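# This is a predicted model, with the sequence first.
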Amino acid sequence: RRRHCRHTSNRGLQGLHTTFTGKKMSKPYLIAYNGACCAAWAYVLFLSLTNVCPNNPKDTLAALWTVPNLAITLTYVQSAAILEIIHAAIGMVRSPVVVTAMQVNSRLIALFAIIYSPEAQAQWGAGVMILSWSLVEVVRYAFYLSTLVQKKVPYPLFWLRYSLFAILYPTGITGELSVFFAASKDVAFLSLMGDSAQNMEFMYYFIMAFPVIYAPGSPFMIMSMVGNRKSAMKKRFAKPPPPPRGLVFPKVVNKKGKEDRSSTPTAKAVMAAAVGAVNKEKAEKILKEKNWRFGYVKHFMGMVEEQCQSPEAALAVAKAGLEKAYQTFEFVAPDGTSCSMAEAMAAKNSEKFCTGFIKGEKAKEDNKIVVPYNGKDLSGDELKAQVKKWVDYGTIEPSAGSAIINCIDNPGWMDLSDRYFVLLGAGSAMGPFLLLMALGANVVALDLDRPFIWERLLTIAKKSSGTITFPLKSEQSSYKNDQELYAGAGCNLFTHTPMIKDWLLDLYPGKSFTVGSYAYLNGALHVQVSLAMDAISKALTEKRPGTSLAYLCTPTDIHLIPKEAHDAAAENLNTFSLIKLFGAFVSIFGPYCKSNVLPPIKAKDGKKYYVVDGISVAQGPNYALAKRMQHWRAIIAHSIGCTVSSNIAPSTSTVSVVQNRTFAWAYEGMPYFKPYEIATPEISNNVMTAILFSDLNDPSSVANPKNKLDNPNQLFSSGSFHGGTWRCGYQIESIGFPSVMIYFSKISAP
């Protein structure tokens, strides 16, 4: 049992309690707005339904626009939706501004077309559009109103909100397309800007641009709603969460005046503490940010800008951020008592893990790196040739290519018989477990205490030439068979963090550990697991001599990059191509195909640091914070003399990623943007492990703390297998939807 852990449920919350006066003031307004819109759309729906004749639907649908009061009511209530863009922009509601603007604007264009095109008004598609809109909007605004005035939305209304789209989205889109097509043939509409051929041609291409966008965009929108429906249903019928145990977010006061463990106030507090170490004004802006979910990116960029000012500033930010996290996050004991994470990691523990050990039965084979690629297993000269192609195309940085080739040329680096790798999240799809076992490494594996996980890991270990060491609840000799062993193996990074730290500190005295942080979870849990891994890494780097760290960085982050990568992105941006024309076209309709060429950050000493903004807003601030905490630990450990291998891995088609159909579609279209290439898990695992081996063995690697850097964050500038993110002319955030459009255009081609 862990001792010295006091009951401090509100500990570390100073400065996190938020007043919600603004929210309280906005609630009556939102109730009035949603109620008025619901009533107006209900009136439009009533007029529509009472004027459509079942015996003559085509003609009566075509005449709906002429029904008294319908057109004027529809025009006003749909135009009022412009306010929803403002609501999102000022943080009154938690909606992405850009997406909201796109949805509202597409409706307004259709409304514009039907108002000024008599032919569009007088065809059946107009009636289909009006009926579809009104049915969707009555339910939508009633749903929003219910969320504001009721504790729980009634299930019939909830079901309608997340089910009607399956019928009404296709019918609404069909109606809108019919309006666009009718307007494109209507002389009255085409001559709005004048009856010259040039003006009419402009209006034609303007209105016909929207069917072009709708063709690939509609399936994307519908499938997004399918995903939203699954998520909403899962959330509504989810079992109550278990009592908090282990590492948890602290309690904060929510907008209803009640305590919960929301991630937003804590994340803002950690970021503000980090930035506040060097710039109090920016820290205040973080704390005052109302729309953190969609407004966090500028604050992360601001933090990187501050870190670039000097090496001291970079380290000050990292240390302050992690210190705040340790002071703020709680560790809850089984009896419900809690203390700060810092206190939990410093406390003595009476409970201990036992140690399991299995030696593989396979004979040692030749040490070489093999990369499965396009149906072939590449090694030696073939792999060197492929690496050169990646470098020349811009998919990877030259430093990453050199690291892989160094491994090919130095097979002795793959003699891992005396190397010990601690894998936090050993079963991770992006981790190096399979390759390490195949090469005969000594792996200290930590993963969840789930029998199916350990059956897989231990079976692989037995068939390898390596060894596996793992935590057990009891002595290994007490387990009668493999099934009992699987059930007794493993640990929980959240609830066993102090015990894991103690176990690793005592394990294999005198041996040097390379500690890899590979565990990943969704949402706020990713922050928790990152902090848990950090607590273990912190203890080992400070108390166990010879410890090195290994991380896989994401390309969807803000990184300092070589000037050569910046210049290559500029060249790709300015090179004429069909993709450039496509980018210019889609950028008319939203923040798509935005330049990836950012101005350099100028430090106090005059040095320039080139930067790439790869953050994807959709991944959320929790993901960004979790990865940033790993950056912080990496540069701190490097500064105290630890070898740190922290390289950018490519976008990878793991099962967890491609289960999200939107990502899967985007991955299919992204390679059309030079120099993107989406890697398979096998490619990522093997090339990133090769770069890791180079970092551990090559004295000239930036991972070696003896090689001084102008700025600590340049640790992440070398060895990057970014998959094209750094050298593409467009920011990765801005090519997601265009990539989906390319994918659907490709599969729909005759």
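Yes, it's here. If you're wondering where the values come from, they're calculated on a predicted model, not measured in any experiment. Numbers count the residues shown, from 1 in each chain.
# rest of the way, CA atoms for contacts and neighbours
Fine.
# The lowest-mean-pLDDT helix or strand in the chain packs against which elements?
Scoring the helices and strands of the chain by mean pLDDT, DSSP states H and E places helix 655-658 at the bottom, with a mean of 76. When contacts are defined as 3 or more Cα pairs under 8 Å, 6 or more residues apart in numbering; DSSP states H and E, helix 655-658 packs onto helix 661-669.
# Now tell me what touches the helix it packs on from outside.
With contacts defined as Cα atoms under 8 Å, 6 or more residues apart in numbering, helix 661-669 is touched by 220, 223-224, 653, 657-658, 678, 736-744.
# Give me the neighbour count for residue 103.
Neighbours of residue 103 under the rule other Cα atoms under 10 Å: 12.
# Distance of it relative to residue 599?
32 Å (Cα to Cα, to the nearest Å).
# residues contacting residue 693?
Here residue 693 is in contact with 407, 413-414 (Cα under 8 Å, 6+ apart).
# quick one: least confident of those?
pLDDT is lowest at residue 414 among those; the value there is 91.
# since we're on that one, how many residues are nearby?
22.
# Excluding chain neighbours, what is closest to it?
Of all residues not flanking residue 414 in the chain, residue 367 sits nearest, at 5.4 Å (Cα to Cα, 6 or more residues apart in numbering).
# Spell out the secondary structure type for that neighbour.
coil (DSSP: H, G, I helix; E, B strand; the rest coil).
# sorry, back to before: which of the contacts of residue 693 fall within helices?
Of the contacts of residue 693, the ones assigned to helices by DSSP state H are residue 407.
# Out of the contacts of residue 693, flag the one nearest to residue 696.
Looking at the contacts of residue 693 and their distance to residue 696, the nearest is residue 413, at 8.8 Å (Cα to Cα).
# Enumerate every residue touching the closest one.
Counting by Cα under 8 Å, 6+ apart, residue 413 has contacts 407, 693-694, 697.
# Quick check: the gap between it and residue 441.
For residue 413, the distance to residue 441 - Cα to Cα - is 11 Å.
# any idea how far residue 405 is from residue 714?
Relative to residue 405, and taking Cα to Cα, residue 714 is found at 22 Å.
# can you give me the strands in the stretch 351-500 of the chain?
354-359, 371-373, 376-378, 420-424, 442-446, 467-472 (DSSP state E, counting those that start in this stretch).
# Out of these, the one nearest residue 324 is which?
Nearest to residue 324 among these is strand 420-424; the distance by Cα to Cα comes to 23.0 Å.
# Sheet partners, orientation included, of the helix or strand containing residue 516?
Applying DSSP states H and E as the criterion places residue 516 in strand 513-517. Using DSSP bridges, the strands paired with strand 513-517 are strand 420-424 (parallel), strand 548-553 (parallel).
# helices or strands next to whatever helix or strand comes next after that strand in the packing?
As assigned by DSSP H and E, the chain's next helix or strand after strand 513-517 is helix 524-543. Helix 524-543 sits against strand 246-248, helix 497-506, strand 513-517, helix 621-639, with contacts defined as 3+ Cα pairs under 8 Å, 6+ apart.
# quick one: helix 524-543 to strand 513-517, angle?
Our comparison of helix 524-543 with strand 513-517, counting by axes from the mean of the first three to the mean of the last three Cα atoms, to 10 degrees, yields an angle of 160 degrees.
# what separates helix 524-543 from the chain centre, distance-wise?
Counting by Cα atoms, centre = their mean, to the nearest Å, helix 524-543 is centred 20 Å from the centre of its parent chain.
# Could you list the buried residues of that helix?
In terms of neighbour count (16 or more other Cα atoms under 10 Å), helix 524-543 has its buried residues at 524-541.
# residues in contact with it?
Contact with helix 524-543 is made by 247-249, 263, 325, 345, 424, 493-494, 497-498, 500-501, 504-505, 515, 517, 519-521, 547-549, 622-623, 625-627, 629-630, 633, 637, 642, as judged by Cα under 8 Å, 6+ apart.
# Can you list the neighbours in contact with stretch 317-331?
With Cα under 8 Å, 6+ apart as the test, stretch 317-331 has contacts from 9, 11-13, 245-250, 266, 269-278, 303, 307, 338-342, 344, 531, 629, 631-633, 635-636.
# swap that for stretch 628-638, please
315, 317-319, 321-322, 530-531, 534, 538, 541, 549, 551, 643-644, 646, 703-705, 712-713, 715.
# which of those count as buried?
Of those, these count as buried by 16+ other Cα under 10 Å: 315, 317-319, 321-322, 530-531, 534, 538, 541, 549, 551, 643-644, 646, 703-705, 712-713, 715.
# about what we covered before: out of the helices and strands packed on helix 524-543, the one nearest residue 382 is which?
Nearest to residue 382, of all those, is strand 513-517, at 29.0 Å by Cα to Cα.
# three-state assignment of the nearest residue to residue 674 once chain neighbours are set aside?
The shortest distance from residue 674 to any non-neighbouring residue, by Cα to Cα, 6+ apart, is to residue 728 (5.9 Å). Secondary structure assignment for residue 728 (three-state DSSP): coil.
# How many residues are close by residue 190?
26.
# Mind giving me the ChimeraX command for buried ones among the contacts of helix 524-543?
Those of those that count as buried under 16+ other Cα under 10 Å are selected in ChimeraX with:
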select :247,248,249,263,325,345,424,493,494,497,498,500,501,504,515,517,519,520,547,548,549,622,623,625,626,627,629,630,633,637,642
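# Confirm for me that residue 144 is in contact with residue 34.
Yes - using Cα atoms under 8 Å, residue 144 makes contact with residue 34 at a distance of 6.7 Å.
# More neighbours: those two, which one.
When neighbours are counted by other Cα under 10 Å, residue 144 and residue 34 differ, and residue 34 comes out ahead with 20 against 17.
# how far does the one helix or strand the more buried one maps to sit from the chain's center?
Take DSSP H and E as the rule and residue 34 turns out to sit in helix 21-49. Here the centre of helix 21-49 is set off from its chain's centre by 33 Å, with Cα atoms, centre = their mean.
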